[in-house]
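Participant: Build the 3D model from these lines:
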Amino acid sequence: MEMVHSRNCYDTPYENPMMHTKAPILIAAAVFCSPTLAQDAWQLQWSDEFDGTSLNTDNWSYQTGTGTAYGLPAGWGNNELQYYTDSTDNIAVSDGTLKINAIEQRFNGRDYTSARIRSLYKQDFLYGRFEARMKIPSTPGIWPAFWMLPTNSPYGTWASSGEIDIMESVNYADRIHGTLHFGNNWPNNTSDGPRLQDGTDFSQGFHTYRIDWDPDRITWYVDGVSYGSRPNSSWFSSAAPSNPSAPFDTEFHLLLNVAVGGNFPGNPDGSSTFPQTLEVDYVRVYERVQLPYSGQAHPVPGTIQAEDFDLGAQNQSYYDCDATNTGGEYRETGVDIEVASEEGYNISDMCQGEWLEYTVDVQTAGTYTLETRVASDRTGGAFRIERDGQDLTGTVFFLATFGWQNWSTVTTSLDLEAGEQVLRFVNMGVADTQYNVNSFTFTLDGPTPCSEADIAEPFGELNFFDVSAFLSAYSAQDNAADINNDGSFNFFDVSEFLTIYNAGCP
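Facilitator: Numbers count the residues shown, from 1 in each chain. Next up, the predicted model:
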């Protein structure tokens, strides 16, 4: 089976650029092809499009006051100057957007009013893609934010349980901050994150602000372009020192607000102008979807290149010991991939406990011979194949090949059911063994079909069972009935089948 690495197709969330505010979201419906890297697939989990005439309180609740009602010092713990209200003067939904207005006015002992909303206990999330399309304000002393806090704070009070700032801007909207807060309880906490300052005045139009939050990494984007990333090795929680994903491994909720003054921006000055508005077109949350890397299940019998494991996140379609692709080739993923000497690419530096998943379409149930191409400089290694936690092969051991690109074939057998299923390649080697893996070839044991029309047992002859199997496959539009391999099911497949059938077995 020939494998082509120059063209990779993938499913992706699609937004119509000509209808940027309310375009239909189609998941796994539009397929895009790239000459380089396949991307991960996402499915819409939740959104608020702000299409109504008032805030949807199934999604959001108001936070009002100065923070004291929530156990914080007046000024929300940051010496902010505003009083948050639920007044339509400060927060309103109209014409397809949410508006949060910061107004200079005396109210309950404060010189400014504004609004703050959160999705706590209404929309809480663990991992995913979080984005909002917004137009942000710009004046000295203004502080708009799109951010996340832990829902239940299992690691302790702020910031031991974490905070994720998706977008913050202070004063003039000429830079965007993305920040993580973590470590210990205040004041012994720490923070880290990227900043974008590329000459754009972000107050002059709508921009999309986003993070991709995975167990091992958080990455920030503006308008689909990443401007920074932090792996889990850069954060921690003192309450869980042995947990590399803490504190960002529990549910968080979303917040939107516009603060005035405070520790971060400083206070308004004589040049400040009010009112100032944060306008939000939508907020959307996606979850990763595990899909075959090429968009279609790998056919078995056939050869699968090891680097073509399923799309998905760490602990979803793969598990790798580190958070980055140390080989730097082929795919944006945490799995290590490098150029192979014999064909394409290979998975490199397999370490203890790593695994990869492949969605396959088994054409015929039966016993298969599996040939796995491996290379190990000094240690050798071991692996097994699983399906739904069931060990299909037992542990397969192999010796060193005395070179990271000296390839050897390891042969074993396994029984497979017909149909689409997910196979997991599991490294069973101990801590001091490392190896590379390049490909898997599945061959059906037993008699070989004598032609493309020989699709039913007993193989090696053409008879009524083949005709019956073809008609059933044709009716179900199964690949077995696509005799001319053009991706469709029509008269030409029937004609080709009858021609081959009438010719008989050689």
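
Participant: Please make it C-alpha for all contacts and neighbour counts, starting now.
Facilitator: Fine.

Participant: Tell me if I'm right that Ile166 and Tyr209 touch.
Facilitator: Yes - using CA atoms under 8 Å, Ile166 is in contact with Tyr209, at 7.0 Å.

Participant: Name the residues contacting each of the two.
Facilitator: Contact criterion CA atoms under 8 Å, 6 or more residues apart in numbering; residues shared by Ile166 and Tyr209: Trp220.

Participant: Between those two, tell me which one has more neighbours.
Facilitator: Neighbours were tallied for Ile166 and for Tyr209 using other CA atoms under 10 Å; the higher tally belongs to Ile166 (29 against 23).

Participant: Which other helices and strands does the helix or strand that contains the more buried one contact?
Facilitator: When elements are assigned from DSSP states H and E, Ile166 belongs to strand 163-168. Contact analysis of strand 163-168 by 3 or more CA pairs under 8 Å, 6 or more residues apart in numbering; DSSP states H and E lists strand 142-150, strand 176-182, strand 207-214 as its packing neighbours.

Participant: so where's the stretch 1-150 of the chain uncertain?
Facilitator: For the stretch 1-150 of the chain, applying pLDDT under 70 flags the ranges 1-40.

Participant: how about a cut-off of 50?
Facilitator: Across the stretch 1-150 of the chain, the ranges flagged by pLDDT under 50 are 1-38.

Participant: And the strands in it?
Facilitator: Remark: strands assigned in the stretch 1-150 of the chain by DSSP state E, counting those that start in this stretch are 8-11, 31-34, 41-48, 61-63, 82-84, 91-94, 97-107, 110-114, 116-118, 124-125, 128-135, 142-150.

Participant: Would you reformat these as JSON lines and include mean neighbour count?
Facilitator: Below are the strands of the stretch 1-150 of the chain laid out as JSON lines (neighbours: other CA atoms under 10 Å):
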{"stretch": "strand 8-11", "mean neighbour count": "21"}
{"stretch": "strand 31-34", "mean neighbour count": "13"}
{"stretch": "strand 41-48", "mean neighbour count": "18"}
{"stretch": "strand 61-63", "mean neighbour count": "18"}
{"stretch": "strand 82-84", "mean neighbour count": "28"}
{"stretch": "strand 91-94", "mean neighbour count": "19"}
{"stretch": "strand 97-107", "mean neighbour count": "21"}
{"stretch": "strand 110-114", "mean neighbour count": "22"}
{"stretch": "strand 116-118", "mean neighbour count": "23"}
{"stretch": "strand 124-125", "mean neighbour count": "20"}
{"stretch": "strand 128-135", "mean neighbour count": "22"}
{"stretch": "strand 142-150", "mean neighbour count": "25"}
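
Participant: unless I'm mixing things up, Ile455 is touching Pro449, no?
Facilitator: Yes - here Ile455 reaches Pro449: they are 7.0 Å apart, a contact under CA under 8 Å.

Participant: In terms of neighbours, single out the busier of the two.
Facilitator: For Ile455 versus Pro449, neighbours defined as other CA under 10 Å are more numerous around Ile455 (24 against 17).

Participant: Now Asp192: phi and psi?
Facilitator: Per-residue torsions, Asp192: phi -160, psi 150 (degrees, to the nearest 10).

Participant: going forward, begin numbering at 157 instead of 1
Facilitator: Renumbered: residue one is now 157, and that last one reads Asp348.

Participant: quick one: it and Asp321 touch, right?
Facilitator: No - using CA under 8 Å, Asp348 is not in contact with Asp321, being 10.3 Å away.

Participant: what is in contact with those two at once?
Facilitator: Common neighbours of Asp348 and Asp321 (CA under 8 Å, 6+ apart) are Thr335, Leu336.

Participant: more crowded one of those two?
Facilitator: Neighbour count, other CA under 10 Å: between Asp348 and Asp321, Asp321 has more, with 21 against 12.

Participant: For that one, which non-adjacent residue is closest in space?
Facilitator: The shortest distance from Asp321 to any non-neighbouring residue, by CA to CA, 6 or more residues apart in numbering, is to Trp303 (4.3 Å).

Participant: just Glu613 next, same as before
Facilitator: That would be Phe621: by CA to CA, 6+ apart, it lies 7.3 Å from Glu613.

Participant: Assumed that neighbour was part of a helix.
Facilitator: Yes - membership of Phe621 in a helix is supported by DSSP: H, G, I helix; E, B strand; the rest coil.

Participant: Do I have it right that it meets Phe615?
Facilitator: No - look at Phe621 against Phe615 with CA under 8 Å: they stay out of range, at 10.1 Å.

Participant: so what's the residue nearest to Asp321 up against?
Facilitator: Contacts of Trp303 (CA under 8 Å, 6+ apart): Glu319, Ile320, Asp321, Ile322, Met323, Glu324, Leu410, Leu411, Leu412.

Participant: again, 7 Å this time
Facilitator: Shown in contact with Trp303 (CA atoms under 7 Å, 6 or more residues apart in numbering): Ile320, Asp321, Ile322, Met323, Leu410, Leu411, Leu412.

Participant: If any of those residues are buried, give me the PyMOL selection for them.
Facilitator: Command for PyMOL, covering only those of the contacts of Trp303 found buried under the criterion 16 or more other CA atoms under 10 Å:
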select buried, resi 320+321+322+323+410+411+412
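
Participant: Tell me the gap between the helix or strand harbouring Thr568 and the middle of its chain.
Facilitator: Applying DSSP H and E as the criterion places Thr568 in strand 564-572. The chain centre lies 32 Å from the centre of strand 564-572; the measure is CA atoms, centre = their mean, to the nearest Å.

Participant: Buried ones in the helix or strand that it is followed by, by neighbour count?
Facilitator: Following strand 564-572 in sequence order, the next helix or strand is strand 575-583 (DSSP H and E). For strand 575-583, a neighbour-count test (16+ other CA under 10 Å) marks Gln577, Val578, Leu579, Arg580, Phe581, Val582, Asn583 as buried.

Participant: do the same with stretch 560-571
Facilitator: Trp560, Gln561, Asn562, Trp563, Ser564, Thr565, Thr568, Ser569, Leu570.

Participant: tell me which of those residues is nearest to Gly522?
Facilitator: Leu570 (8.4 Å; CA to CA).

Participant: How much space separates the closest one from Arg366?
Facilitator: Leu570 sits 44 Å away from Arg366, taking CA to CA, to the nearest Å as the criterion.

Participant: By residue count, tell me the biggest strand in the protein.
Facilitator: strand 432-445 (DSSP state E).

Participant: Now do that one, average pLDDT.
Facilitator: What strand 432-445 shows for mean pLDDT is 96.

Participant: same deal with stretch 338-347?
Facilitator: pLDDT averaged over stretch 338-347 gives 94.

Participant: Let me see the residues that make contact with that stretch.
Facilitator: So stretch 338-347 is contacted by 313-319, 335-337, 391-394, 403 (CA under 7 Å, 6+ apart).

Participant: Which of these has the largest number of neighbours?
Facilitator: Busiest of the contacts of stretch 338-347 [other CA under 10 Å] is Gly318, holding 32 neighbours.
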